[in-house]
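[1] Show me the folded form of this:
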Amino acid sequence: MRWQAEILVSHKKAEVVIVAQGANFGGWVLYARNGKLKYIYNYLGMETYFIEADTLLTPGLHQIRMEFKYDGRGLGKGGVVSLFIDNQKVAEGRIDNTHTAIFSADFTAMVGDKVGAPICSDLQVGHNRFNGKVNWVRIELGEDDFGHLISQEEKFRIAMSIQ
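    Here you go, the predicted model:
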C-alpha cells in the first residue's frame, strides 16, 4: 500500500496536512511539521506511531510517498512504513497494529487540510491547511487486498455503507 503526492513547497518550512483520514480514535496523516515530512498512524486512540524524516522539504516541486509493507497473514497486523521525497528514502518506522476495517464513521479523507477532531497531538482542531500547494494525491492499495476473505455481496454492502 502506498500514498503518493506531488506538492509545491512555497515557504522556507513546509507545514501541516498533505493528506489525512480519520480522527482522534483512529486514522493516519501524511504532513509536514517544521519543514520535515511526517506520517502518523493512530491505532484506535490507544497507540500512536510517529515516523519523521530527518531531511527538510526544500522550496520547490516535490513528489512524496509513503509505503506500507504489511506483515500479512491476517487482518490487523503491523508493518513497516517508509517515507520518500523525490524517490529518496528519508525515514522508516514500524507500526505494530492496524485497523481491520474503517478508521471513522464520521471523518473522511481530506487533502491539503484536516478539520475536526485531530488525529494526533501534533495537529490542532483547525488551522491545518498545507502552506504550499498539493497538486495531486494517489492512494494505491496494492496486492495486500483481503477481498478474497469476504463474499461479493458483503463487498457491495461495505462499499455502499461508506459512500
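
[2] what's the closest residue to Q124 other than its chain neighbours in contact with, if anything?
    Of all residues beyond its chain neighbours, the one nearest Q124 is P118 (6.2 Å), with distances taken as Cβ to Cβ, 6 or more residues apart in numbering. Every residue, glycine included, has its C-beta placed from N, CA and C. Residues near P118 by Cβ atoms under 8 Å, 6 or more residues apart in numbering: 23-24, 124-125, 128.

[3] quick one: which of those is most hemmed in?
    Greatest neighbour count in the contacts of P118, by other Cβ atoms under 10 Å, goes to N128: 22 neighbours.

[4] Was I right to think that one contacts D113?
    Yes. In this structure, N128 is within contact of D113 by Cβ atoms under 8 Å, at 5.6 Å.

[5] hey, what's in contact with both of these two?
    Common neighbours of N128 and D113 (Cβ under 8 Å, 6+ apart) are 16-17.

[6] if we can go back for a sec, which one of the contacts of P118 is nearest to D86?
    N128 (23.9 Å; Cβ to Cβ).

[7] still on that earlier bit, may I see the contacts of P118 organised as a markdown table, with distance to E67, pLDDT and secondary structure added?
    Below are these laid out as a markdown table (distance: Cβ to Cβ, whole Å; pLDDT from 0 to 100; DSSP: H, G, I helix; E, B strand; the rest coil):
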| residue | distance to E67 | pLDDT | secondary structure |
| --- | --- | --- | --- |
| A23 | 24 | 87 | strand |
| N24 | 25 | 84 | coil |
| Q124 | 28 | 85 | coil |
| V125 | 30 | 85 | coil |
| N128 | 23 | 88 | coil |
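
[8] Among those residues, find me the one that's closest to L8.
    N128 (17.5 Å).

[9] show me the contacts for that closest one.
    So N128 contacts 16-17, 20, 31, 113-115, 118 (Cβ under 8 Å, 6+ apart).

[10] show me what contacts N97?
    Going by Cβ under 8 Å, 6+ apart, N97 touches 43, 47, 76-78.

[11] try it again with 10 Å
    Applying Cβ atoms under 10 Å, 6 or more residues apart in numbering to N97 gives the contacts 41, 43-44, 46-47, 49, 76-79.

[12] Same check on E140?
    By Cβ under 10 Å, 6+ apart, the contact list for E140 reads 1-4, 65, 67.

[13] Out of those, which one has the lowest pLDDT?
    Lowest pLDDT among the contacts of E140: M1, with 79.

[14] From what I see, that one and V80 are in contact.
    No. Counting by Cβ atoms under 10 Å, M1 sits too far from V80 to count as a contact (11.4 Å).
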